[in-house]
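Engineer: Pasting the sequence and the predicted model now:
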Amino acid sequence: MKQFYFLIFILCYLSVNGQKNKHGRWNQQLEKYVNELGQVDYKNWLSEKKELNAYIRTLEKMPPLEIDSKNSKLAYWINAYNALTVQLILQNYPLKSIKEIYNPWNKYCFEVKGKVYTLGEIEHKILRKMGEPRIHFAINCASKSCPKLLNKAYEEKQLEKQLTRATNLFLLDTTKNIITDKYLKLSRIFLWFGNDFGSKKERLEFISKYSGLKIEFAKIKYLKYDWSLNEQ
């Protein structure tokens, strides 16, 4: 019995320390190539794409364990999605939009435990199924109307603050949402993934909570989505 508990302790220790160091390389690259506005210096990132590829290989070799917390798993998959999106852009750079790439969200690009995933599968079959709607404001599709790519890696212990900040920033960005107590002009993210935010009433409660503006009844329209590259 003592050996069993010792093994659990070792696994927990390795998991915590592994997660702590896992995203350091990604954090360094984000700080170097992404500004405070979420604009990306793809041109210069090309010169260091080997570092990005090495980080992605590390993620493939160190997937979350069953005993890991939900926040640890969320941070892992959010970072993976964002890093893979940057990798996809660099593989096809220069370009003006991710939509110039054929079927970008259905390319198999990430292997974990013998299974190969597309970006679409990571978003729809993993992240969305974890019951955290704020992931929609953390993952980035390399486009101007997308939630901005933060210049920090998502981390387990900071995740709650990071997701709240990402959601606040997105809702209060008037190029992406126009929010008043009478009418809302929202990002199409709320249209495409409406079920993730619940009923219309629950959606308004969510927007009220993270925008800081009390909304009880409001007409909703959706803004045009700008797929132009989020480049500096």
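Structural biologist: Looks like it came in fine.
Engineer: What lies in contact with the strand or helix carrying residue 121?
Structural biologist: If you go by DSSP states H and E, residue 121 is part of helix 119-121. Residues outside helix 119-121 that contact it (Cβ atoms under 8 Å, 6 or more residues apart in numbering): 81, 84, 85, 88, 104, 105, 106, 107, 109. C-beta: built from backbone N, CA, C; applies to glycine.
Engineer: rerun that using 10 Å as the cut-off
Structural biologist: By Cβ atoms under 10 Å, 6 or more residues apart in numbering, the residues outside helix 119-121 that reach it are 80-81, 84-85, 88, 103-110, 115, 127, 139, 141.
Engineer: in it, what counts as buried?
Structural biologist: For helix 119-121, the neighbour count (16 or more other Cβ atoms under 10 Å) marks 119, 121 as buried.
Engineer: So the residue nearest to the spatial centre of the chain: helix, strand or coil?
Structural biologist: Nearest to the geometric centre of the chain sits residue 139, at 2.1 Å (Cα atoms, centre = their mean). Classification of residue 139 using DSSP: H, G, I helix; E, B strand; the rest coil returns coil.
Engineer: excluding its backbone neighbours, what's nearest it?
Structural biologist: Of all residues not flanking residue 139 in the chain, residue 81 sits nearest, at 4.7 Å (Cβ to Cβ, 6 or more residues apart in numbering).
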